[in-house]
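Enquirer: could you look at this predicted model? Sequence included:
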Amino acid sequence: MNEEKFKRNIAYKIRIGEILNGKPVIENEKFSFLDFNGKRVIRINLVGSIVDKYNSEGEKKYSFLTIDDGSGQIKMKAFGDDSEKLKDITHGQAVVVIGSLRYFNGEIYISPEIVKEQQPKYVLLRKIEIEKQRGATPYFNPKSDAPKPNAQKEEIKDKVIEMIKKSESEGGIETAELKKRLNAPSNETEQEIQKLLEEGTIFEPRPGKVRWLG
């Protein structure tokens with residue numbers, strides 16, 4: 001009975017920002033599902049880049065990975081023998097993840113069933129695919145609520161992209177250094193960086209540093 005119920009749960013294609021903006025529904029003091037636009041989301045299918053990984057090989061074996069798709073970051077957690085699913089996944093890889101949502105101590109995370117490496121460009125392709133499914137309207141994010149680009153902003157964006165691409169041989173660039181070299185209004189540079197993160201064109205291997213994803 002439980003197995004049949006498990007198979008009926010759809011693995012929704014969803015972005016991390018949408019998961020974080022959803023409402024965890026608790027029933028009988030246990031996480032039941034995520035309420036997202038009226039859908040009962042239990043299993044998910046998402047694509048993103050691994051930006052952090054921690055393994056414990058002690059008495060309590062587990063693996064924690066942080067995945068980023070430009071709209072936000074969320075952890076994948078696997079315990080005991082299940083941590084074997086994550087052993088070959090490394091920092092910087094783009095992956096597709098199918099798994100179940102869990103909620104503990106105020107944090108929502110993913111219990112992975114399948115994790116497979118993907119081409120980095122697939123992060124952006126998935127974003128485009130989901131936005132088309134949503135009627136070309138991405139999930140609400142106050143940070144993206146910015147004026148339409150003008151020629152000056154387009155120029156700043158092009159320079160930001162160029163500098164990030166050139167920094168790939170060095171493993172990325174600090175955002176503070178990028179702003180310093182660009183010599184443009186800091187707030188406008190920050191806006192362009194944020195847009196590129198949300199588009200999935202760049203990612204943060206750690207806070208304050210960005211790399212090209214393309």
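Expert: Yes, it's here. Numbering: from 1, shown residues only.

Enquirer: and the helices in the protein, which stretches?
Expert: 2-8, 16-21, 121-133, 151-166, 175-182, 186-199 (DSSP state H).

Enquirer: ok, and for the longest strand anywhere in the chain, which residues are buried?
Expert: In the chain, taking DSSP state E as the definition, the longest strand is strand 43-56. For strand 43-56, a neighbour-count test (16 or more other Cβ atoms under 10 Å) marks 43-44, 46-51, 53 as buried. Every C-beta, even on glycine, is put in place using the N, C-alpha and C of the backbone.

Enquirer: for residue 153, state which of those residues is nearest.
Expert: Among the buried residues of strand 43-56, residue 49 lies closest to residue 153 (Cβ to Cβ), at 25.6 Å.

Enquirer: can you pull the contacts of that closest one?
Expert: By Cβ atoms under 8 Å, 6 or more residues apart in numbering, the contact set of residue 49 is 67-69, 92-95, 120, 123, 203, 213.

Enquirer: pLDDT of the longest strand of the chain, averaged?
Expert: In this model, strand 43-56 carries a mean pLDDT of 92.

Enquirer: pull out the buried residues from the contacts of residue 49.
Expert: 67-69, 93-95, 120, 123, 203, 213.

Enquirer: in strands, which of those residues fall?
Expert: Those of the buried ones among the contacts of residue 49 lying in strands (DSSP E): 67-68, 94-95, 203.

Enquirer: turn those residues into a markdown table, columns for distance to residue 78.
Expert: Shown next, in a markdown table, are those (distance: Cβ to Cβ, whole Å):
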| residue | distance to residue 78 |
| --- | --- |
| 67 | 13 |
| 68 | 18 |
| 94 | 19 |
| 95 | 13 |
| 203 | 22 |
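
Enquirer: just flag the most distant two among the residues you listed.
Expert: Every pair of those checked by Cβ to Cβ; the farthest is 95 and 203, at 12.3 Å.

Enquirer: pLDDT score for residue 182?
Expert: 86.

Enquirer: next up, the contacts around it.
Expert: 156, 159-160, 163, 189.

Enquirer: if we go to 7 Å?
Expert: 159-160, 163, 189 (Cβ atoms under 7 Å, 6 or more residues apart in numbering).

Enquirer: same check on residue 65?
Expert: Applying Cβ under 7 Å, 6+ apart, we find residue 65 in contact with 50, 52-53, 75-76, 86, 89.

Enquirer: and it, how far from residue 17?
Expert: 18 Å (Cβ to Cβ, to the nearest Å).

Enquirer: same question for residue 174.
Expert: To residue 17, residue 174 is 24 Å away according to Cβ to Cβ.
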